[in-house]
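Participant: would you be able to build a 3D model of this:
(chains A and B)
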Amino acid sequence: MSSSDTQDPKRRPDLDTVYSINPDGSRNFLQVAEVKGRWTTRRYFIFVLLIAVYLLAPWITVGGHPMVLIDLPHRAAYLMGASFTNQDFHLFFFVLIGLGIGLFVVTTVFGRVWCGFACPQTVFMEGVYRPLERLFEGRRIERMRRNKKGGPDKWIRKVVKHTAFLFLAWNLSIAFMCYFIPTRQMLRDIPFFHGDLTPLVWSMFWTAMLYFDYSWFREQTCLIICPYGRLQATLVDFDTIVIGYDERRGEPRHKGVETGGDCIDCQRCVEVCPTGIDIRNGLQMECIGCTNCIDACDEIMDKIGKPRGLIRFDSSRGFETGKSQLLRPRFFIYAAVILALCGLFVNRAAQRESFQVTILRSQGLPFTFQEGKIRNLYSMHLQNKSTQRRVYLLTAAPDALADCPGTDFIIPQDRIELDPLSDVPLTAFAEMPRTSYSQPENFSFTVTDSITGETQNIKVRFLGP
Amino acid sequence: MTQENHTPRDNRTHYQQDSVMGHEYDGIQEFDNRLPNWWLWIMWGSMIFALFYWITFHTLKLQPLPQARFEQVMLQAQEDQLARAAKAGITNETLVMMSQVPSKITEGHELFVKHCVACHLDKGQGLVGPNLTDGYWIHGCEPMQMLKVIQTGVAAKGMPAWMNQLGPTRTQSVLAYVLTLRDTNVPGKESQGEPCEFK
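Facilitator: Numbering: from 1, shown residues only, chains lettered A, B, ... in the order given. The predicted structure follows:
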């Protein structure tokens, strides 16, 4: 693992290249300096809150089910007490589009606050892994000196750090999988190695992924893999609040306080940047809006007795003219779209049927002859989508068949008890004497929930020669 | 952002100005920086994996393809199910023994009246479903085979699968009752299937 001392010492972050990639394609592993300040404090507060929510959500039960659980083997999902089955999968469209547009709204107004404050990549990187690294390997200066010097002091610390990283990654992978496997099953299968080995194997896979990501890959995820970062250019405009450098105030940058602009070119904002950019080069795709450079610069400004805010949250227009306009048409358009989507989602979710019945003509013969009668066989599939045990009644309504004398319906299971979210195949027959048959006729089957009274009619066709 | 009014900044140094590519569209030029090595590893790794995958699965056919593997697993699951039943002590003999236990027969009769009479009629003489009282059986003479018919059904003929609804124990009770009907020869539906000998 290289450190930032493997790079060309003359190289500075620029707009033409990715600083964390050396010109030969090797990694320029950033040693990020530590920073203190009001934004950092706020961020740590949010990190703690988000980590608590993230870890606890699967353990909280609402209405007898986990608050959040995506049960893939049983094709069911639970969210805040509501249950969803695979027939409700179309609702997922609203969730995805809603999240997408929601991100658009936030990005349009506040830039990449998601990246800097709430993305799990940042929350666990900055809130857990970097503090741990600091604990075992010391501050930036110490780390770089020790990396250069080598020896047992370096390697022992590295081994301890990576052991801790691996153990933490394993725990996080299990916490993550609790969103997919009920926590009770998790507790049974993971620590004691009995029952099903699948969760354990998956946890190993995710451990490897998380360990790789947080120990080595880090900002490369945000810079090269994350699609949201690559969309920034289309989402932000001159009025979007971003983290920026006040050129009018800072330039010409100059070592020493007496002459020139307020920027004393101390490189603090570059040292603390987790993605290795120089914010003074302007808004860049790599910037994840982490606020490190704001706090770093404010600290320096305090020291040299200049006002804070040389690097601050402001819009590009604000940095150039001193005036910003927060609310603008595109914000209202996005907001209207997302409100409409939320409305549609709630509407669709509320109108979901509590059970679903599908009827298929039996495979093979459309009809058979039996003792002078024509017989049709119907295969049905009934699913209880509610979270309670229900009793359903299956009946047939003759409709047009009422005119054909001798018509008869045979329903072997007319009273069906179904457990929550379970389903059952059913069979029913309709038959009539050959003499009554003239042409295909419609009739219907009716399924009634004996508790709620909810009914569904399914039209089917009686066929004959 | 316009920068004419400002002092040019010294760290926008065009580190690799020589890597600018020849083309320009709407004033936009493209750099030809080297790809990250980790990215190249993934690319070469994927290519090598694809080669091995192709040779293993499609050329030498050392491993079954996902579809075949799925069918294997399903077959295995069926065998496991049978094995579980055998392990739980369900055999032809135990099923015959069940058909001599009054409580089993009573439970089976109740279930039969509730679920089966629509097709097999009250005495099992058959209507839509076959006659259960004659010596002829369509899907095999052994009680285990009959249990399988009750549990998994015969979808093409309209016999439902009762396993989901009744579970293993109650389907066994139903069979216990049905076994008592054998050779009662109630006049009803004509005989279907093959003649069976019962001890």
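Participant: low-scoring stretches of the chain, by residue?
Facilitator: All of this is about chain A. A:1-7, A:191-195, A:362-365, A:370-371 (pLDDT under 70).
Participant: right idea, wrong chain: chain B
Facilitator: Low-confidence segments of chain B, defined by pLDDT under 70: B:1-18, B:82, B:86, B:198-199.
Participant: just give me the neighbour total for residue 44.
Facilitator: Looking at chain A here, since you left the chain open. Neighbours of A:Y44 under the rule other Cβ atoms under 10 Å in any protein chain shown: 13. In short, each C-beta sits where N, CA and C put it, glycine included.
Participant: ah, I was thinking of chain B
Facilitator: Summarising burial for B:W44: neighbours were counted as other Cβ under 10 Å, giving 10.
Participant: cool, A:N457 as well?
Facilitator: Here the number of neighbours of A:N457 (other Cβ under 10 Å) works out to 12.
Participant: got it, and A:L72?
Facilitator: When neighbours are defined as other Cβ under 10 Å, A:L72 has 9 of them.
Participant: and if you look at A:P329?
Facilitator: 7.
Participant: next one: the one 4 residues further on
Facilitator: The number of residues packed around A:I333, counting by other Cβ under 10 Å, is 13.
Participant: quick one: stretch A:280-290 near chain B?
Facilitator: Yes. Part of stretch A:280-290 sits near chain B under the criterion Cβ under 8 Å from any Cβ of the partner chain, namely A:280-283.
Participant: please state the offset of that stretch from the chain centre?
Facilitator: For stretch A:280-290, the gap between its own C-alpha mean and the chain's C-alpha mean amounts to 24 Å (Cα atoms, centre = their mean, to the nearest Å).
Participant: now swap in stretch A:321-331 and tell me
Facilitator: Between the centre of stretch A:321-331 and the centre of its host chain there is 29 Å, according to Cα atoms, centre = their mean.
Participant: quote the end-to-end distance of it.
Facilitator: Terminal residues of stretch A:321-331 lie 21 Å apart, using Cα to Cα, to the nearest Å.
Participant: show me what the longest strand anywhere in chain B is packed against.
Facilitator: Using DSSP state E to define each element, chain B has its longest strand at strand B:20-25. The helices and strands touching strand B:20-25, judged by 3 or more Cβ pairs under 8 Å, 6 or more residues apart in numbering or on different chains; DSSP states H and E, are strand B:28-31.
Participant: report the buried residues of the helix or strand following the strand it packs on.
Facilitator: Past strand B:28-31, heading to the C-terminal end, the next element that is a helix or strand (DSSP states H and E) is helix B:37-53. Taking 16 or more other Cβ atoms under 10 Å in any protein chain shown as the neighbour-count basis, helix B:37-53 is seen to contain the buried residues B:W38.
Participant: list of residues touching the helix or strand that helix B:37-53 is followed by?
Facilitator: Once helix B:37-53 ends, the next helix or strand along the chain (criterion: DSSP H and E) is helix B:66-87. Among residues not part of helix B:66-87, those counted as contacts by Cβ atoms under 8 Å, 6 or more residues apart in numbering or on different chains are B:63-64, B:144, B:168.
Participant: hang on, the earlier thing: which of the residues of stretch A:280-290 next to chain B tops the neighbour count?
Facilitator: A:R280 (24 neighbours).
Participant: that residue should be in a helix, yeah?
Facilitator: Yes. Residue state for A:R280 (DSSP: H, G, I helix; E, B strand; the rest coil) corresponds to a helix.
Participant: neighbours of A:Y54, how many?
Facilitator: The criterion is other Cβ under 10 Å. On that basis, A:Y54 has 17 neighbouring residues.
Participant: also A:L200?
Facilitator: A:L200: 16 surrounding residues under other Cβ under 10 Å.
Participant: so how far is chain B from it?
Facilitator: A:L200 is 20 Å from chain B, where distance means Cβ to the nearest Cβ, to the nearest Å.
Participant: could you double-check that B:W137 sits in contact with B:D183?
Facilitator: No. Applying Cβ atoms under 8 Å as the test, B:W137 and B:D183 come out as separate, 11.4 Å apart.
Participant: those two: which has the busier surroundings?
Facilitator: B:W137 (21 against 10).
Participant: quickly list the domain ranges of chain B.
Facilitator: Using automatic domain parsing, the domain ranges for chain B come out as B:19-63, B:86-195.
Participant: who touches residue 176 in this structure?
Facilitator: Defaulting to chain A. Listed by Cβ under 8 Å, 6+ apart, the contact partners of A:F176 are A:W206.
Participant: right idea, wrong chain: chain B
Facilitator: Counting by Cβ under 8 Å, 6+ apart, the residues that B:A176 touches are B:95, B:98-99, B:101, B:104-105, B:108.
Participant: among those, name the ones in helices.
Facilitator: B:95, B:98, B:104-105, B:108 (DSSP state H).
Participant: which pair of the residues you listed spans the longest distance?
Facilitator: Using Cβ to Cβ, the pair of the ones in helices among the contacts of B:A176 lying farthest apart is B:L95 and B:I105, separated by 12.3 Å.
Participant: rewinding a little: tell me the strands beside the longest strand of chain B, with direction?
Facilitator: Sheet neighbours of strand B:20-25, with direction, are listed as strand B:28-31 (antiparallel) (DSSP bridges).
Participant: other residues contacting the partner strand?
Facilitator: Counting by Cβ under 8 Å, 6+ apart, A:16-17, B:16, B:19-21, B:23 sit against strand B:28-31.
Participant: wait, which of the ones in helices among the contacts of B:A176 is closest to A:A349?
Facilitator: Among these, and counting by Cβ to Cβ, the member closest to A:A349 is B:G108, at 43.7 Å.
Participant: with adjacent residues omitted, what lies nearest to that closest one?
Facilitator: B:Y177 (3.0 Å; Cβ to Cβ, 6 or more residues apart in numbering or on different chains).
Participant: for A:E271, see how far away that neighbour is.
Facilitator: If you measure B:Y177 against A:E271 using Cβ to Cβ, to the nearest Å, the figure is 83 Å.
Participant: of these two, which one has the most company?
Facilitator: Between B:Y177 and A:E271, counted using other Cβ under 10 Å, the more crowded position is B:Y177 (23 against 20).
Participant: quick one: the helices in the stretch 251-400 of chain A?
Facilitator: Read by DSSP state H, counting those that start in this stretch, the stretch 251-400 of chain A holds these helices, from start to end of the chain: A:268-271, A:292-303, A:316-321, A:329-350.
Participant: ok, which of those comes nearest A:H65?
Facilitator: With Cβ to Cβ as the measure, helix A:329-350 is the member of the helices of the stretch 251-400 of chain A nearest A:H65 (15.7 Å).
Participant: output the contacting helices and strands for that closest one.
Facilitator: Checking 3+ Cβ pairs under 8 Å, 6+ apart, helix A:329-350 ends up next to helix A:91-110.
Participant: residues of the helix it packs on that come out buried?
Facilitator: Going through helix A:91-110 with 16+ other Cβ under 10 Å, the ones that come out buried are A:91, A:94, A:98, A:101-110.
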